[in-house]
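Undergrad: Okay, sequence plus prediction incoming.
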Amino acid sequence: MSDEPKVRAVGEGRIVNSAFGLLAWIVGLVFFFPVFWMVLNSFKSEQDANTSPKLFFHPTLDRYRDVTKSTTGLLSFADAFANSAVVVLLSTAIVMALAIPAAYALAIRPVAKWRDVLFFFISTKFLPVVASILPIWILARNLHLLNTRQSLIILYTAINLPLAVWMLRSFFREVPRELIEAAEIDGASLRGQLTSIILPIAAPGIAATALLCVIFAWNEFFYAVQLNPVKGSTVPIWVTTNISTRGDFLAKLSAASVLACIPVVLAGWIAQKRMIRGLAMGAIK
Amino acid sequence: MTSVRYDRATRTYEGTSTPAVDALDLDIGDGELLVLVGPSGSGKSTALRMLAGLEPLDSGAIYIGDRDVSNVRPRERDIAMVFQNYALYPQLSVAENMGFALKQAKVPKPERSQRVREVARILDLEPFLNRKPKQLSGGQRQRVAMGRAIVRRPAVYLMDEPLSNLDAKLRVQTRTEVVELQARLGVTTVYVTHDQVEAMTMGDRVAVLRDGVLQQCDAPRTLYHEPANLFVAGFIGSPAMNLVAVGDERPLRLGDAQLELGRPSDKAPLDAAGAMTVGFRPEALQVGDGPLRAQIRTVEDLGSEVFVHLAVDHRGEPLPLVSKMQPPFDGQPGQSVGLQIAGTTHVFAPDGSRVASTTATLQPGAAPAPVTADSPGSAL
């Protein structure tokens, strides 16, 4: 963030500062290293990837070609990608459509017992995911939703909704009360207040919330593997199809993982500014 | 033609037992600028928000014109409000801010921009119409907030401390501009402030509130010279009126002097028993030769006038008094002086209400001197 003033503590030792800086870099690199290694492996031949680690090798795109090649009977990359896109975008759209009015009712004109409502929302996150899978699986089976995108859309909506309501509520609370009152006096209807005042002001927060929903839904694996392991499944499932029992697969798996990461990293990178501002907006109170 | 009437309007916040505004009765004439003034927590802002429709009424009613608006939504009350922090829409330009209400009212765009332009000209905002609020100075933002209210041509303007975020000099200047503008537009205006100078200089009439109860509503001059009670007497005027608890002994005594009240007709209520309080304005207290012995504490010379802060030994307690003198005044802190009253003195009953206002003089007291020892600085 270039427009933030640089803060330098008065009288603080340069050496201490540099030492902490160095430490931060080391920790950062250590954390980043597995990702780096994954990217590196994806450009190697299987042989190179499985022998003792080496930094210099002949880079090749063959692994990417391997993983994106579609084989009949198996989930192809293109299908998985399309499935993920549909599931993620639709579920996020539904989440936002439901969460915005809910957050309004909890933040701007709090309904009676809004604390209880808020607690109820977050309490749905207390249950271990594993504990819920059996009833969900039976429900999905009886409703003939196994191996469909719909099952995942419904589930991801349900998973992300509490989080979205909580986040949006805190963003909406940041909208100065007087602005809403001014709009009310200026003759704006409830919808007018929402669309012309509250949503534009809370836009960074809304973007951050939507982005988190996208990321969580894109990365979700457990429900997808249980409810939708074959056709109609998503990118994380497709990644695992590259694990084989015969022969080496490390480079191939790396290439698949990189492909799975790209949309999320890209989305995060594009929306980074908004997201940081949005997240900070909720944090500073 | 729009008048505003509060009819025993009451608002009690949830979780509190005493009303924030208690049975407020107030008539505001067409085109009048009425100032609601009071210390913080007096209910003045609540009273304004009740008129705006931002606070519901628990009982009573509010009329705008002949219409009972007690249960009417804010957007249907035909009012415009200027907020203390201006509440400009940050994502909209100055022009869009000013035209927002017209847009909501579905006024066609040409007329909208023409009306915005017109008001922008009056307020010297034309060069800034395309700017965002954050690109404006505090004074400009304040004018945009005013402009947003004016563009609408509402029946009533509500202003909630609109000048309190301006620096002192700009505030005085803007004060005059607001008064002139209001007079020119002739729109009924209710103006809330905690600043009694603002109240006195701006209001056609001023309503003084305390703890949600209306104390007095009168022209500024009347408030100053004929305060209804002790609270108004102490609140209006700067420096504040000297208020002295004189107890229930008769004749009235002030320090070591005797207070002789003027016209006999006014003495009647004084026969009533009870602990009285007398009050006199700083300008009515003369420092120099007088029967009341006092000591100068500090002298504030403002050039055009001098405030002399004094201490008097009154019933065994040091009593602070303040006098407003014309310069030159050459008294020094610590100096012993004599005081005399040369002006109106108000007498307040034990319940705080004013029972008499009359001329008064101090006479040398015949009563025994107070038991306390001389105050430390009187050695000179």
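TA: Sure, I can see it.

Undergrad: what residue ranges in chain B score low on pLDDT?
TA: Applying pLDDT under 70 to chain B flags the ranges B:1, B:263-273, B:366-380.

Undergrad: In it, spot the helix with the most residues.
TA: Looking across chain B with DSSP state H, the single longest helix is helix B:168-185.

Undergrad: Just want the phi and psi numbers for residue 243.
TA: No chain was given, so I picked chain A. Residue A:243 adopts backbone torsions of phi -80, psi 120, taken as degrees, to the nearest 10.

Undergrad: Chain B is the one I meant
TA: Phi and psi for residue B:243, reported as degrees, to the nearest 10, are phi -120, psi 130.

Undergrad: Now do the contacts for it.
TA: Shown in contact with residue B:243 (Cβ atoms under 8 Å, 6 or more residues apart in numbering or on different chains): B:230, B:233, B:234, B:277, B:278, B:279, B:348. Heads up, the C-betas are built off the backbone N, CA and C, glycines and all.

Undergrad: Pick out the residue of the stretch 1-150 of chain A closest to chain B.
TA: For the stretch 1-150 of chain A and chain B, the shortest gap (Cβ to the nearest Cβ) falls at residue A:112, measuring 11.3 Å.

Undergrad: buried residues in the helix or strand residue A:106 falls within?
TA: Assigned by DSSP states H and E, residue A:106 falls within helix A:77-107. In terms of neighbour count (16 or more other Cβ atoms under 10 Å in any protein chain shown), helix A:77-107 has its buried residues at A:77, A:79-81, A:83-84, A:87-88, A:90-92, A:94-96, A:99-100, A:102-107.

Undergrad: Please apply the same query to stretch B:187-204.
TA: By neighbour count with 16+ other Cβ under 10 Å, stretch B:187-204 contains the buried residues B:187-196, B:198-200, B:202-204.

Undergrad: and what of stretch A:120-140?
TA: So stretch A:120-140, judged by 16+ other Cβ under 10 Å, has buried residues A:121, A:136, A:137, A:140.

Undergrad: Once you drop chain neighbours, what's closest to residue A:47?
TA: Once flanking residues are discounted, residue A:47 sits nearest to residue A:248: 7.4 Å by Cβ to Cβ, 6 or more residues apart in numbering or on different chains.

Undergrad: mind checking how far the residue minimising distance to the centre of chain A is from residue B:190?
TA: Using Cα atoms, centre = their mean, the residue of chain A that lies closest to the mean C-alpha position is residue A:215, 1.4 Å off. Counting by Cβ to Cβ, to the nearest Å, the separation of residue A:215 from residue B:190 is 51 Å.

Undergrad: which residues touch the residue positioned nearest the centre of chain B?
TA: Most central in chain B under Cα atoms, centre = their mean is residue B:196, positioned 3.0 Å from the mean C-alpha point. Residues near residue B:196 by Cβ under 8 Å, 6+ apart: B:37, B:235, B:236, B:237, B:238.

Undergrad: quick revisit: which other helices and strands does the longest helix of chain B contact?
TA: Under the contact criterion of 3 or more Cβ pairs under 8 Å, 6 or more residues apart in numbering or on different chains; DSSP states H and E, helix B:168-185 touches strand B:33-37, helix B:138-151, helix B:196-202.

Undergrad: I would like the residues contacting that helix, please.
TA: Contact partners of helix B:168-185, identified using Cβ under 8 Å, 6+ apart, comprise B:33, B:122, B:138-139, B:142, B:146, B:150, B:157, B:159, B:162-164, B:166, B:189, B:198, B:201-202.

Undergrad: So residue 258: helix, strand or coil?
TA: This is for chain A. Three-state call for residue A:258 (DSSP: H, G, I helix; E, B strand; the rest coil): helix.

Undergrad: Please refer instead to chain B.
TA: On the basis of three-state DSSP, residue B:258 is classed as strand.

Undergrad: and the two most separated of the buried residues of stretch A:120-140?
TA: The largest separation in the buried residues of stretch A:120-140, counting by Cβ to Cβ, is between A:121 and A:137 at 23.8 Å.

Undergrad: re the thing from before, what's the offset of the longest helix of chain B from the middle of its chain?
TA: Distance of helix B:168-185 from the chain centroid (Cα atoms, centre = their mean, to the nearest Å) equals 17 Å.

Undergrad: so it versus helix B:138-151, what angle?
TA: Between helix B:168-185 and helix B:138-151, the angle comes out at 10 degrees (axes from the mean of the first three to the mean of the last three Cα atoms, to 10 degrees).

Undergrad: Whichever helix or strand comes after helix B:168-185 pairs with which strands, parallel or anti?
TA: Per DSSP H and E, the first helix or strand lying C-terminal to helix B:168-185 is strand B:188-193. Strand B:188-193 sits in its sheet next to strand B:33-37 (parallel), strand B:156-160 (parallel), going by DSSP bridges.

Undergrad: okay, strand B:188-193 in PDB with CA atoms only?
TA: Taking Å, rounded to 0.1, in the frame of the first residue of the first chain, the C-alpha atoms of strand B:188-193 are listed here in PDB:
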ATOM      1  CA  THR B 188     -38.800  27.500   9.200                       C
ATOM      2  CA  THR B 189     -35.600  26.200  10.900                       C
ATOM      3  CA  VAL B 190     -34.900  24.300  14.000                       C
ATOM      4  CA  TYR B 191     -31.300  24.600  15.000                       C
ATOM      5  CA  VAL B 192     -29.600  22.600  17.800                       C
ATOM      6  CA  THR B 193     -26.500  23.800  19.500                       C
END
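
Undergrad: Contacts for it, please.
TA: Contact partners of strand B:188-193, identified using Cβ under 8 Å, 6+ apart, comprise B:2-4, B:28-37, B:44-45, B:47-48, B:51, B:155-164, B:182, B:199, B:202-203.

Undergrad: where does the residue lying closest to residue B:49 once chain neighbours are set aside sit relative to residue B:47, distance-wise?
TA: Leaving aside its chain neighbours, residue B:49 sits nearest to residue B:55 (4.3 Å; criterion: Cβ to Cβ, 6+ apart). Separation of residue B:55 from residue B:47 (Cβ to Cβ) stands at 9 Å.
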